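Engineer: predicted model and sequence follow; I will ask about them next.
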Amino acid sequence: MPDGRHARPKYRNIDNDPMTYQEAVDFLNGNFVSFQTAGRTAYKGGLEAIAAMCRAMGEPQRDYLSIHIAGTNGKGSVAHMLASILQSAGYRTGLYTSPHLHDFRERIRVDGRMIPEAAVASLLDRYGQEMVDRGLSYFEMTTAMAFRHFSEAGVEVAVVETGLGGRLDATNILRPALSIITNIGLDHSDLLGSTVAQIAAEKAGIIKPGVPVLIGESDPESAPVFTARAAECGAPLTFADRVYECTESTLSLPLQSCTLRRIGDDSLRTITLDLPGAYQRKNLVTVRTAVDLLCRHTQLAVSRRALLDGCRHVTAATGLSGRWQVVDQAPLTVADGGHNPHGIKEIVSQLQTGEYDRLYMILGFSADKGLEEILPLLPTGAYYLFTQANSPRALSAGELAAQAARYGLTGETVPDAATALARARSLASPRDMIFIGGSFYLIGEIV
């Protein structure tokens, strides 16, 4: 059904024993279909069902401060970076993101630790059937679980990433302390709009009356949309790239050091990230500005040490993966989940600066991606291993190869991700580079 509601058998516990984790997983998979596997048919926009469910749970999202993050690209990285900084500052921090790569529990973390299996079972034991009866989608179910778990875990501040869009996203029942929109590009155009301005209007739906809003990147098409919405809501508006700029960066895998200049007074500070993607420089500008706004507009206090430590240890503190992730050194093997034109441009830009003899690209995409906007951006000099994730949404390797050939991209088809990596390693010398991308789901099968 197009609204994400699926009639499924009810959970029946004839012995009235607590639900086990395996029973919880079976119940989850039997009653909810995720966007990860079903695509747009699993999407259900609107806030009525999630709002009613959270009322039934006692409005848990009101029990802690929250930071709400939307955007086409970078929102996951920004969320993880902010969570790491807040953890370093001593706050009990919740983090809600999507999709997961390996384990459903990756989506819901407290102080970097995944929600325990027992907590998943307990929440679905108490609320699962009501979620089904109310017709919640997979993402609405997960959002309600996250909000409730954060409350029960005594979280002080939660960093919450939208799933898709903003205005009608289930997370948008939050009344956050700060709203962040990282950037706008063309993605999910069939659901959000075919122009940057239309997509910006959907993302701008997270702007709340009186709540400070931070825009990561100024863009002539989207900036007027955000300015108008913020003015309508009386929300203080800041553009991060008008506050800080990255003037210099050096890369020493797996770290990169970025020098930020505060535009108002030219003061400089160098921050080291354990995220080596070049695009993280833009995300760091957003995060640095967000920390300023949190210190100015909330009771949260973040020291310089917490900022520096949090940025240096993002992956260890939060479990972030799939963002220019170094899988191996010889040959250099990198995985990145960028999957839309905006993200692919950033990836190709960094690939072009790399030092290697030959580039091998392991690629797989979802069938609903508009590849006519992506494939022309990819390097024609690389050797491609076209493959597919183990997902109903995956575009077949053969069809991907056929489409890619129209743009001068040549190579071979490989039936699955693991075989593709093994094949690339057999072809590459230690001086070559292997890149894995096109889909977070594909990366999740490799790293």
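Structural biologist: That came through, no problem.
Engineer: only C-alpha atoms for contact and neighbour calcs from this point on.
Structural biologist: Will do.
Engineer: which residue is nearest the centroid of this structure?
Structural biologist: Central residue of the chain (C-alpha atoms, centre = their mean): G76, 3.2 Å from the mean position.
Engineer: what about L136, how many neighbours?
Structural biologist: 26 (other C-alpha atoms under 10 Å).
Engineer: per-residue pLDDT, it?
Structural biologist: Looking at L136, its pLDDT is 94.
Engineer: same thing with F150?
Structural biologist: Looking at F150, its pLDDT reads 98.
Engineer: surely it is in a strand?
Structural biologist: No: counting by DSSP: H, G, I helix; E, B strand; the rest coil, F150 is not part of a strand but helix.
Engineer: how many neighbouring residues does it have?
Structural biologist: By other C-alpha under 10 Å, 26 other residues sit near F150.
Engineer: pull the contacting residues for it.
Structural biologist: Applying C-alpha atoms under 8 Å, 6 or more residues apart in numbering to F150 gives the contacts 60, 94, 110, 158.
Engineer: I271 against R261, yeah?
Structural biologist: No: counting by C-alpha atoms under 8 Å, R261 is not a contact partner of I271; they are 11.0 Å apart.
Engineer: do you know how far G354 is from M53?
Structural biologist: With distances taken as C-alpha to C-alpha, to the nearest Å, G354 is found 49 Å from M53.
Engineer: do M131 as well
Structural biologist: M131 sits at a distance of 7 Å from M53 (criterion: C-alpha to C-alpha).
Engineer: these two: who's more crowded?
Structural biologist: Neighbours per residue (other C-alpha under 10 Å) separate M131 from M53, with M131 holding more: 22 against 19.
Engineer: how about that one, what does it touch?
Structural biologist: With contact set as C-alpha under 8 Å, 6+ apart, M131 has these partners: 53, 141.
Engineer: so it belongs to a helix, correct?
Structural biologist: Yes: assessed by three-state DSSP, M131 belongs to a helix.
Engineer: check what pLDDT it gets.
Structural biologist: Per-residue pLDDT puts M131 at 95.
Engineer: which SSE is the residue nearest to the centre of the chain in?
Structural biologist: Using DSSP states H and E, the element containing G76 is helix 75-88.
Engineer: buried ones in that helix?
Structural biologist: Under the neighbour-count criterion of 16 or more other C-alpha atoms under 10 Å, helix 75-88 has 75-88 buried.
Engineer: need these in a markdown table with distance to S137 and pLDDT, can you?
Structural biologist: Converted to a markdown table, the buried residues of helix 75-88 look like this (distance: C-alpha to C-alpha, whole Å; pLDDT from 0 to 100):
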| residue | distance to S137 | pLDDT |
| --- | --- | --- |
| K75 | 22 | 94 |
| G76 | 21 | 94 |
| S77 | 25 | 96 |
| V78 | 26 | 97 |
| A79 | 23 | 98 |
| H80 | 25 | 98 |
| M81 | 28 | 98 |
| L82 | 28 | 98 |
| A83 | 26 | 98 |
| S84 | 29 | 98 |
| I85 | 32 | 98 |
| L86 | 30 | 98 |
| Q87 | 31 | 98 |
| S88 | 34 | 98 |
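Engineer: re earlier: of the contacts of F150, closest to V211?
Structural biologist: Set against V211, the nearest of the contacts of F150 by C-alpha to C-alpha is A158 (15.7 Å).
Engineer: residues touching the residue nearest to the centre of the chain, list them.
Structural biologist: Here G76 is in contact with 97-98, 161 (C-alpha under 8 Å, 6+ apart).
Engineer: change it to 7 Å
Structural biologist: 97, 161 (C-alpha atoms under 7 Å, 6 or more residues apart in numbering).
Engineer: so, low pLDDT: which residues of the stretch 101-250 of the chain?
Structural biologist: Scanning the stretch 101-250 of the chain for pLDDT under 70 picks out 186-194.
Engineer: mind checking how far stretch 99-109 is from the chain centre?
Structural biologist: Put simply, stretch 99-109 sits 11 Å off its chain's centre (C-alpha atoms, centre = their mean, to the nearest Å).
Engineer: ok, the nearest residue to A389 once chain neighbours are set aside - how many residues close by?
Structural biologist: In this structure, A389 finds its nearest non-sequential neighbour in L442, 4.7 Å apart by C-alpha to C-alpha, 6 or more residues apart in numbering. L442 has 28 neighbours, counted by other C-alpha under 10 Å.
Engineer: which element is L442 on?
Structural biologist: With DSSP H and E as the criterion, L442 is inside helix 440-444.
Engineer: please export the C-alpha coordinates of that helix as CSV.
Structural biologist: Taking Å, rounded to 0.1, in the frame of the first residue of the first chain, the C-alpha atoms of helix 440-444 are listed here in CSV:
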residue,chain,number,x,y,z
PHE,A,440,24.8,2.5,2.1
TYR,A,441,23.1,-0.9,1.9
LEU,A,442,25.9,-2.1,-0.5
ILE,A,443,28.5,-0.7,1.9
GLY,A,444,26.8,-2.5,4.8
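Engineer: ok now that helix, how far from the chain's centre?
Structural biologist: 13 Å.
Engineer: just checking, what packs against that helix?
Structural biologist: Helices and strands touching helix 440-444, as assessed by 3 or more C-alpha pairs under 7 Å, 6 or more residues apart in numbering; DSSP states H and E, are absent.
Engineer: can you list contacts of that helix?
Structural biologist: The set of residues external to helix 440-444 that reach it, using C-alpha under 7 Å, 6+ apart, is 101-102, 322, 335, 337, 364, 388-389, 417, 436-437.
Engineer: can you list the residues you listed in a markdown table and add distance to T247, secondary structure and neighbour count?
Structural biologist: As requested, the contacts of helix 440-444 are exported to a markdown table (distance: C-alpha to C-alpha, whole Å; DSSP: H, G, I helix; E, B strand; the rest coil; neighbours: other C-alpha atoms under 10 Å):
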| residue | distance to T247 | secondary structure | neighbour count |
| --- | --- | --- | --- |
| L101 | 33 | coil | 20 |
| H102 | 37 | coil | 12 |
| G322 | 26 | coil | 22 |
| A335 | 26 | strand | 26 |
| G337 | 26 | coil | 22 |
| G364 | 35 | coil | 28 |
| Q388 | 39 | coil | 29 |
| A389 | 39 | coil | 26 |
| A417 | 38 | helix | 25 |
| I436 | 29 | strand | 28 |
| G437 | 28 | strand | 24 |
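Engineer: and those, which is closest to V225?
Structural biologist: Nearest to V225 out of the contacts of helix 440-444 is G337 (C-alpha to C-alpha; 27.9 Å).
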